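Novice: Can you look at this prediction? I've put the sequence above it.
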Amino acid sequence: MIFEQIAVGGCQSYLLGCAERRAAVVIDPQAHAIDRYASLLLREGLRLRYVIDTHTHADHFSGAHELAGRMGARVAAHRLSATPHADLRLEDGDQLMVGDTRLRVLHTPGHTLDSVCLLASDRVFTGDTLLIGSTGRTDLPTGDPGALHDSLFGVLLKLDPALKVYPAHAYDGRSASTIGEEIASNPRLKHRDRAAFVDMMGRLNLSSPVHCTEALRVNTGGGKTIDQLVLDAAAIIAFVASDALAARLEADEPGLTLLDVRERDAFLAGHIPGARHLPRGELELRVNDELTDPTARIVTCCEQGPAATLAAATLRTLGFQRVAALDGGMKDWRGRGLPIELGAESFPTTVSR
Ligand code: FE
């Protein structure tokens, strides 16, 4: 058996491979680490068969769809998972064959309704059902403390105590445990009585994970992260540095249009001299009236960069071929002590000279 544990922050992903048949599965991949999984598979000479999310993650972006697409594998998830990308909808008791290795699916709802644990010969991947010295939380969408109690005490903790436990999160430097160790020392498992367990889970008072709403939107709706949207936009445009733009404005470059896409209040409070104001939200609807020359050099600017990047990419999509965004936005411009103009546009129709 080929086994790799890949930690990204506190999140744990796993690669399990069959040395004989060169087949592999990746469990709980993160979108940020796709290249790491891909290079591990190549290094080991493994063909990726399945990518499995143990549940709908609320704290990070699943890389299952992208990894499976890149490596020609199938996405597997419990049938109750909201992901639109599952090729295989798993049921309790199903087995996946990864070469000579078998992974048995245990439906263990509680942390989420679609939570599964994956049982191999000597180890169990517990997702967020059972963590080292802890359990998954039950206060996020589809969480259910009573169901978690039943999954733990009725299913998982009845397995062989010698089984190694590999969870979806591991903190404090420990990367694995065993069922026996958890029964002996996990403080949450001391609450064997169902009502006491539910009461204990209800009193945890945990803060919401960072990116929770975005992660749920992306992982259940198949959408993109905001970072990905801005990165995709950045890939189809150029950028101009503040000092280079200042020099071109100073030189009265003919045909240069500088477009400030911030809201009106921000524009009035200080903009680059000669900038025209066209808020990002009105860009597509006013473009035909405001930007009449599709061959013009247009530089978009915003407060820090992302909105100007998205605006420039929109203009590129609309057919403006010489569009760029101000790198670092007004924040960078001001930080360099470059000139600022207050109030409304001094060039109401165009800065082309
Ligand atoms: Fe989780």
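Specialist: Nice, thanks for sending it over.
Novice: in this protein, which residue is closest to the centre?
Specialist: Geometric centre of the chain, nearest residue: residue 61, 2.8 Å, by C-alpha atoms, centre = their mean.
Novice: What does it show for phi and psi?
Specialist: Main-chain torsions, residue 61, degrees, to the nearest 10: phi -90, psi 120.
Novice: do the same with the one 5 residues further on
Specialist: With angles defined as degrees, to the nearest 10, residue 66 shows backbone torsions of phi -70, psi -40.
Novice: Count the neighbours of it for me.
Specialist: Look at residue 66: counted by other C-beta atoms under 10 Å, it has 19 neighbours. No exception for glycine: its C-beta is placed from N, CA and C like everyone else's.
Novice: Now do the same contact list for the closest residue to it other than its chain neighbours.
Specialist: Using C-beta to C-beta, 6 or more residues apart in numbering and skipping the chain neighbours, the partner closest in space to residue 66 is residue 34 (5.5 Å). For residue 34, the contact set (C-beta atoms under 8 Å, 6 or more residues apart in numbering) comprises 63, 66-67, 70.
Novice: Now flag whichever of those residues is closest to residue 247.
Specialist: Of all the contacts of residue 34, residue 66 has the smallest distance to residue 247: 40.7 Å, by C-beta to C-beta.
Novice: Which parts of the stretch 201-350 of the chain are strands?
Specialist: Secondary structure of the stretch 201-350 of the chain, counting by DSSP state E, counting those that start in this stretch: strands at 238-240, 256-260, 276-277, 297-301, 323-326.
Novice: and the fourth one, what does it pack onto?
Specialist: This means strand 297-301. When contacts are defined as 3 or more C-beta pairs under 8 Å, 6 or more residues apart in numbering; DSSP states H and E, strand 297-301 sits against strand 256-260, helix 306-317, strand 323-326, helix 329-335.
Novice: List only buried entries from the contacts of residue 34.
Specialist: Buried members of the contacts of residue 34, scored by 16 or more other C-beta atoms under 10 Å, are 63, 66-67.
Novice: could those go into TSV alongside distance to residue 147?
Specialist: Below are the buried ones among the contacts of residue 34 laid out as TSV (distance: C-beta to C-beta, whole Å):
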residue	distance to residue 147
63	27
66	30
67	29
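Novice: Export the residues you listed to CSV and append columns for pLDDT and distance to residue 310.
Specialist: Shown next, in CSV, are the buried ones among the contacts of residue 34 (pLDDT from 0 to 100; distance: C-beta to C-beta, whole Å):
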residue, pLDDT, distance to residue 310
63, 94, 23
66, 94, 21
67, 97, 26
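Novice: Can you tell me which of these is nearest residue 288?
Specialist: Set against residue 288, the nearest of those by C-beta to C-beta is residue 66 (36.4 Å).
Novice: Wait, the closest one touches residue 32, no?
Specialist: No - with contact defined as C-beta atoms under 8 Å, residue 66 and residue 32 do not form a contacting pair (10.6 Å).
Novice: quick one: low-confidence parts of the stretch 251-353 of the chain?
Specialist: Along the stretch 251-353 of the chain, the model assigns pLDDT under 70 to residues 346-353.
Novice: ok, now with 90
Specialist: When residues are selected by pLDDT under 90, those of the stretch 251-353 of the chain lie in 255, 294, 343-353.
Novice: For residue 224, give its distance to residue 31.
Specialist: According to C-beta to C-beta, to the nearest Å, residue 224 stands 10 Å off from residue 31.
Novice: so is residue 165 in a helix, a strand, or just coil?
Specialist: What DSSP: H, G, I helix; E, B strand; the rest coil gives for residue 165 is strand.
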